[in-house]
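Chemist: dropping the sequence and predicted coords here.
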Amino acid sequence: MDSLNSRKKLKLGIANRGVVHHDSEPHVSLERWFKTISETNTFDYVDKTPSENEIDLYLKYSDKYELPILCGGWFYTIGNDENLLFKNLENARLLGSQCHNVQIKSKHAEGYDVTNDQIIEIYMKASEYGDRVGCKPCFELHINMWSEDFLRIFDVAEEIERKGVSFRMTLDHSHIIFKIDNDFEMDKFNLSERLKQKKLILDPYKKGHVAGKLINKNYVNLLHARSVIPNNPKNITATHPDGSVGRGVQYPFIKPSKGQFHSPWDEEKLEPWKEIVRQVLDYHYRNEISPLELISTEFIPAIDYGAGNTYSLLDSSVACAHWIREEIALREKKSFDI
């Protein structure tokens, strides 16, 4: 049983997006960031794809503060960024990364919607190259990417697996939960009609919900942990270049102080998001074939997320990681007790 638990051991990391607490704070040096993360005594690794000229510096501080860079990620436009993807996979090998999170934009470089065949083609090439260099590409479920049309993921994955290749994905279920009861999101990808026809279920407590189906298909190799609530409030503290406010795909994990967050905070509303984390962990500890290895907390200061707010991204990341470790401990104990 000890060997089973060793094989199932999960590591928790934190994404580096250039800030410690929020985007209004003074610039923090890279060494100061690593030192601050190390002093929390919370994380096993850092999640980051640095630019090529920063690799040596990241490796220096990674070694100094004993925080390996076990995964990273980037976003790519088909028709333009294929070589960048392969280069980032190669650099991931230099960094010692196990996974590379891949976001494929919904539009081709020529301006049209990318097709499933194009997604499959780049996945197959990236997977082959990743296997060669020792870093698994994991295609992410994410807004503003091809995979925001959740049902496409199954079509793409099934075709890839028919070719004899495992489909590896990053599950970031914040992009699912925030859409629940969210009128603004209903027009995207015919979501309202699909929900009415029960072609798609978002509610994590209902049988056949989309995150649960992805989990049970054994696709999830990497989990991104950033809390949201159903009908998550838009991020009214930041705007895109076109003047639209942030879509709102982040909710503090712990109660912010007065004035730090633009909306009322209610811990109970986090439960649907937490439920999917529990389901991911349940699947992992009940199935020896589970490919999950890493869980990255990802509270970030981007416009659709936390930009313009002043609650601490680090404090939410630490609290979230501690909660996940508690949930892991419960399941590890059950494994030992079997």
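Modeler: Done, it's in.
Chemist: quick check on residue 241: phi, psi?
Modeler: With angles defined as degrees, to the nearest 10, residue 241 sits at phi -50, psi -30.
Chemist: distance of it relative to residue 89?
Modeler: According to C-beta to C-beta, to the nearest Å, residue 241 and residue 89 sit 31 Å apart. Where you see a C-beta, it was placed from the backbone N, CA and C, and this is true even at glycine.
Chemist: which one of the two has more residues nearby?
Modeler: Shown here are residue 241 and residue 89; by other C-beta atoms under 10 Å, residue 89 has more neighbours (25 against 6).
Chemist: now for the more buried one: which residues touch it?
Modeler: Residue 89 makes contact with 100, 126, 129, 130, 133, 135, 137, according to C-beta atoms under 8 Å, 6 or more residues apart in numbering.
Chemist: Three-state assignment for it, please.
Modeler: Using DSSP: H, G, I helix; E, B strand; the rest coil, the secondary structure recorded for residue 89 is helix.
Chemist: among the contacts of residue 89, the buried ones, what's the ChimeraX command?
Modeler: Paste this into ChimeraX to select the buried members of these, with burial taken from 16 or more other C-beta atoms under 10 Å:
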select :100,126,130,133,135,137
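Chemist: let's have the contacts of residue 89 in CSV, adding pLDDT.
Modeler: Shown next, in CSV, are the contacts of residue 89 (pLDDT from 0 to 100):
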residue, pLDDT
100, 98
126, 98
129, 97
130, 97
133, 96
135, 97
137, 98
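Chemist: now secondary structure and distance to residue 228 too, for the contacts of residue 89, in CSV please.
Modeler: Formatted as CSV, the contacts of residue 89 follow (DSSP: H, G, I helix; E, B strand; the rest coil; distance: C-beta to C-beta, whole Å):
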residue, secondary structure, distance to residue 228
100, strand, 24
126, helix, 28
129, helix, 33
130, helix, 29
133, helix, 34
135, coil, 28
137, strand, 25
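Chemist: of all the contacts of residue 89, which comes closest to residue 205?
Modeler: Set against residue 205, the nearest of these by C-beta to C-beta is residue 137 (31.8 Å).
Chemist: right, and the closest one touches residue 100 too?
Modeler: Yes. At 5.1 Å, residue 137 and residue 100 qualify as touching, with contact defined as C-beta atoms under 8 Å.
Chemist: what sits in contact with each of those two?
Modeler: Residues touching both residue 137 and residue 100 (C-beta under 8 Å, 6+ apart): 89, 130.
Chemist: what segments of the stretch 101-250 of the chain are helices?
Modeler: Counting by DSSP state H, counting those that start in this stretch, the stretch 101-250 of the chain has helices at residues 116-133, 150-162, 174-177, 191-196, 210-216.
Chemist: in the host helix or strand of residue 319, what counts as buried?
Modeler: For residue 319, the host element (DSSP states H and E) is helix 313-337. Residues 313-321, 323-324, 328, 331-332 are the ones in helix 313-337 that count as buried (16+ other C-beta under 10 Å).
Chemist: now do it: which elements does it pack against?
Modeler: The contact analysis (3 or more C-beta pairs under 8 Å, 6 or more residues apart in numbering; DSSP states H and E) places helix 313-337 against helix 2-8, strand 11-15, strand 220-225, helix 271-286, strand 294-297.
Chemist: and those: which comes nearest residue 83?
Modeler: Between the helices and strands packed on helix 313-337, strand 220-225 lies closest to residue 83; by C-beta to C-beta that is 23.1 Å.
Chemist: partner strands of that closest one, with direction?
Modeler: Sheet partners assigned to strand 220-225 using DSSP bridges are listed as strand 169-171 (parallel), strand 294-297 (parallel).
Chemist: out of the ones you listed, flag the one nearest residue 267.
Modeler: Nearest of those to residue 267, taken as C-beta to C-beta: strand 294-297 at 17.3 Å.
Chemist: hmm, who's touching the closest one?
Modeler: Identification of contacts with strand 294-297 by C-beta under 8 Å, 6+ apart yields 10-15, 43, 45, 47, 70-71, 98-99, 221-226, 316-317, 320-321, 324.
Chemist: give me every residue that touches residue 161.
Modeler: Residues in contact with residue 161, defined by C-beta under 8 Å, 6+ apart, are residue 167.
Chemist: ok, it to residue 123 distance?
Modeler: From residue 161 across to residue 123, the span is 11 Å (C-beta to C-beta).
Chemist: just the buried ones among the contacts of strand 294-297, please.
Modeler: Buried by 16+ other C-beta under 10 Å: 10, 12-15, 43, 45, 47, 70-71, 98-99, 221-226, 316-317, 320-321, 324, out of the contacts of strand 294-297.
Chemist: now the helices and strands packed on helix 313-337 as CSV including distance to residue 31?
Modeler: Shown next, in CSV, are the helices and strands packed on helix 313-337 (distance: least, C-beta to C-beta, whole Å):
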stretch, distance to residue 31
helix 2-8, 33
strand 11-15, 16
strand 220-225, 25
helix 271-286, 32
strand 294-297, 21
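Chemist: the ones you listed: lowest mean pLDDT?
Modeler: Averaged per stretch, pLDDT over the helices and strands packed on helix 313-337 is lowest on helix 2-8, reaching a mean of 51.
Chemist: mean neighbour count, the helices of the stretch 101-250 of the chain: which tops it?
Modeler: Mean neighbour count (mean count of other C-beta atoms under 10 Å) peaks for helix 174-177 among these, with a mean of 26.
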